[in-house]
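Q: Need a 3D model of the sequence below.
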Amino acid sequence: PEELQKVLDQKIGMGMVGNDMGKFMQYQTAQAIPKFAEGAGNGGGVAGDAMGLGAGVALGQVLAQNLQQGLQGGAAQAAPAAAAPVGVRPDEVMATLEKLADLKAAGHDPFTITKCKQDAFSADLKEEYKDLPAEEDTGRMVSLAGRMMSKRVMGKASFAHLRDDKGDIQLYVRRDELGEEAYAAFKKLDVGDIIGVKGEVFRTKTGELSVRAEELTLLAKSLRPLPEKFHGLTDTDTRYRQRYVDLIMNADSKDTFIKRSKILAAIRKYLSGEGFMEVETPMLVANAGGAAARPFETHFNALNEDLKLRISLELYLKRLIVGGLERVYEIGRVFRNEGVDTRHNPEFTLMELYQAYTDYEGMMELTESMFRYLAEKVCGSAMISYNGTVIDMAKPFERISMIDAVKKYAGVDFSEVKTDEEAKALADKQ
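A: Numbers count the residues shown, from 1 in each chain. Below is the predicted model:
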């Protein structure tokens, strides 16, 4: 509609949304825009069209508010669907949107840059030059890329920290090295912006390995402020719902993702060495068996048939054993339509393996040797620490029955329990 077009032109400017603006025209209500904006920002942003990760929701909030105020005389409140996440102030989002508009107007749209040379990483440089004395240059020019996590402007010289795929490194930015115009542009950058830097590696007089910037390029504009550095991102709900922010702010979360990937790769390598074959089995099943859980249900239109999402991997793997594949395993997603909390997700990754011509003793030996192998390959040692307790994976695992385990650790001899009532009373007591 013409009124909608007029409001959008006046309030936020067509340039800020790029080619995705036309898609917003399909939505007749302000309440519908934020969800579409989130998808456009997250999806289109990768291609350089839109604002990048997380920016879509912020844009949706601005669109919803401007649409309602413009079309209803400014009396309406922002749409409930566009409620701002914890810690994000609308004025901060608007300020960054205005900076992006200024950049585009000046012909410096960062989202048109699709590649950046990257020939070094922070952790590798720190390891290579760990013995470099203070106030020494290396003579080595490097090209880095990453997110700017801090910035201290001090007149003609400034410091910043860049976080790349392997860690953080300090940047030393001088007006004389960078040039007047580029240094002025650097001072306008925000923490959270993604930048490319070229410069020489050296160590400052305070002993911190740094890169003396000679070229600095804005690669992507962050349209949302990062959580305040001192307190970090601590809200559990936000950490799970906005995992990308959690990864930016919490090094432990990123390390968990990296280790999980290494664990899966090591499992595959170990099982391959033991003669196991990885397979893929159906996720849509007529009978969701192999476990006791409530399945998700769906409908297959082509066959007009009701199906379920699998709750385990077991049944098809056993069929493959019957078919003559003697050692098989699968690592895949399963779905259980039950409770949810921070430790239980309705969809999760499960691994199951089956082999012929062995018993549970053979499976225990396989499990023990695999865990030992994973600890050494992923953690670098069979000695690992968990919640302050050191676990030695090199030691033989204790072999114990369930009844003996209950007796040893709970002090209950279950072999003496004769009725359900007795068992329930003991459970309540424990």
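Q: In three-state terms, label G146 for me.
A: strand (DSSP: H, G, I helix; E, B strand; the rest coil).
Q: typo on my end, K308
A: strand.
Q: Please name the residues that touch it.
A: 284-288, 295-298 (Cβ atoms under 8 Å, 6 or more residues apart in numbering). Using the backbone N, CA and C atoms, a C-beta is placed for each residue, glycine as well.
Q: just S385 next, same as before
A: Here S385 is in contact with I391 (Cβ under 8 Å, 6+ apart).
Q: just to revisit the earlier point, now the contacts of K308: which count as buried?
A: Listed as buried from the contacts of K308 are 285, 288, 295; burial here means 16 or more other Cβ atoms under 10 Å.
Q: Output those in CSV, with distance to F111 appended to each entry.
A: Below are those laid out as CSV (distance: Cβ to Cβ, whole Å):
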residue, distance to F111
V285, 43
A288, 44
P295, 43
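Q: so which of the contacts of K308 comes closest to E177?
A: F296 (58.3 Å; Cβ to Cβ).
Q: how near is the closest one to E280?
A: 19 Å (Cβ to Cβ, to the nearest Å).
Q: go on, G273?
A: G273 is 20 Å from E280, by Cβ to Cβ.
Q: ditto for A292
A: Relative to E280, and taking Cβ to Cβ, A292 is found at 24 Å.
Q: before we move on, what about T238?
A: In terms of Cβ to Cβ, T238 sits 34 Å off from E280.
Q: Settle it for me: which of those two has more neighbours?
A: Under the neighbour definition other Cβ atoms under 10 Å, T238 and E280 were set side by side, and T238 has more, 16 against 10.
Q: could you redo the contacts of K308 as CSV and give each row distance to T349 and pLDDT?
A: As requested, these are exported to CSV (distance: Cβ to Cβ, whole Å; pLDDT from 0 to 100):
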residue, distance to T349, pLDDT
L284, 18, 97
V285, 18, 96
A286, 23, 94
N287, 22, 92
A288, 17, 93
P295, 17, 96
F296, 16, 97
E297, 21, 97
T298, 20, 97
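Q: Need the residues you listed in a markdown table (columns: distance to V201).
A: Below are the contacts of K308 laid out as a markdown table (distance: Cβ to Cβ, whole Å):
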| residue | distance to V201 |
| --- | --- |
| L284 | 54 |
| V285 | 56 |
| A286 | 61 |
| N287 | 61 |
| A288 | 57 |
| P295 | 56 |
| F296 | 53 |
| E297 | 58 |
| T298 | 55 |
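Q: just the strands in the stretch 101-250 of the chain please.
A: Ranges of strands in the stretch 101-250 of the chain, per DSSP state E, counting those that start in this stretch, are 137-154, 157-164, 167-174, 194-203, 209-220.
Q: Would you tell me which of the ones you listed gets closest to D131?
A: strand 194-203 (10.0 Å).
Q: Can you name every helix or strand that the closest one contacts?
A: Contacts defined by 3 or more Cβ pairs under 8 Å, 6 or more residues apart in numbering; DSSP states H and E place strand 194-203 against strand 137-154, strand 167-174, strand 209-220.
Q: Of these, which is nearest E338?
A: strand 137-154 (37.6 Å).
Q: quick one: buried residues of the closest one?
A: 138, 142, 144-149, 151.
Q: quick one: low-confidence parts of the stretch 101-250 of the chain?
A: 229-233 (pLDDT under 70).
Q: M154 versus the closest residue in space to A410 that isn't next to it in sequence, what's the distance?
A: Spatial nearest neighbour of A410, excluding adjacent residues (Cβ to Cβ, 6 or more residues apart in numbering): Q430 at 5.7 Å. Distance, Q430 to M154, by Cβ to Cβ: 63 Å.
Q: on that earlier part again, columns distance to A425 on top of the helices and strands packed on strand 194-203, output as CSV?
A: Formatted as CSV, these follow (distance: least, Cβ to Cβ, whole Å):
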stretch, distance to A425
strand 137-154, 57
strand 167-174, 55
strand 209-220, 62
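Q: Which one, of these, ends up nearest to T256?
A: That would be, of the helices and strands packed on strand 194-203 and by Cβ to Cβ, strand 167-174, which comes in at 15.7 Å.
Q: Read off the pLDDT value for D428.
A: At D428, the predicted lDDT confidence score is 89.
Q: going forward can the numbers begin at 36, since that is how I track them
A: Okay, using 36 as the starting number, the last item reads as D463.
Q: That one should be in a helix, yeah?
A: Yes: according to three-state DSSP, D463 belongs to a helix.
Q: Number of residues surrounding it?
A: 7.
Q: What of L348?
A: L348 has 26 nearby residues by other Cβ under 10 Å.
Q: Is it in contact with L388, as I believe?
A: No: taking contacts as Cβ atoms under 8 Å, L348 lies outside contact range of L388: 9.3 Å.
Q: which ones are touching L409?
A: Per Cβ under 8 Å, 6+ apart, neighbours of L409: 298, 301-302, 305.
Q: top helix in the chain by residue count?
A: As assigned by DSSP state H, the longest helix anywhere in the chain is helix 286-308.
Q: What is that helix packed up against?
A: Using 3+ Cβ pairs under 8 Å, 6+ apart, helix 286-308 is in contact with helix 278-284, strand 312-313, strand 362-370, helix 395-409.
Q: mind checking which of those is nearest E235?
A: The nearest among those, by Cβ to Cβ, is helix 278-284 at 27.5 Å.
Q: Only alpha carbons, please: show that closest one as PDB.
A: Backbone C-alpha positions of helix 278-284 (Å, rounded to 0.1, in the frame of the first residue of the first chain) are rendered in PDB as follows:
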ATOM      1  CA  ARG A 278      23.200 -19.400  21.200                       C
ATOM      2  CA  TYR A 279      25.200 -17.300  18.800                       C
ATOM      3  CA  VAL A 280      25.400 -14.500  21.500                       C
ATOM      4  CA  ASP A 281      26.500 -17.200  24.000                       C
ATOM      5  CA  LEU A 282      29.200 -18.300  21.700                       C
ATOM      6  CA  ILE A 283      30.500 -14.800  21.200                       C
ATOM      7  CA  MET A 284      30.600 -14.000  24.900                       C
END
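Q: Since that was my last question, I'll sign off now.
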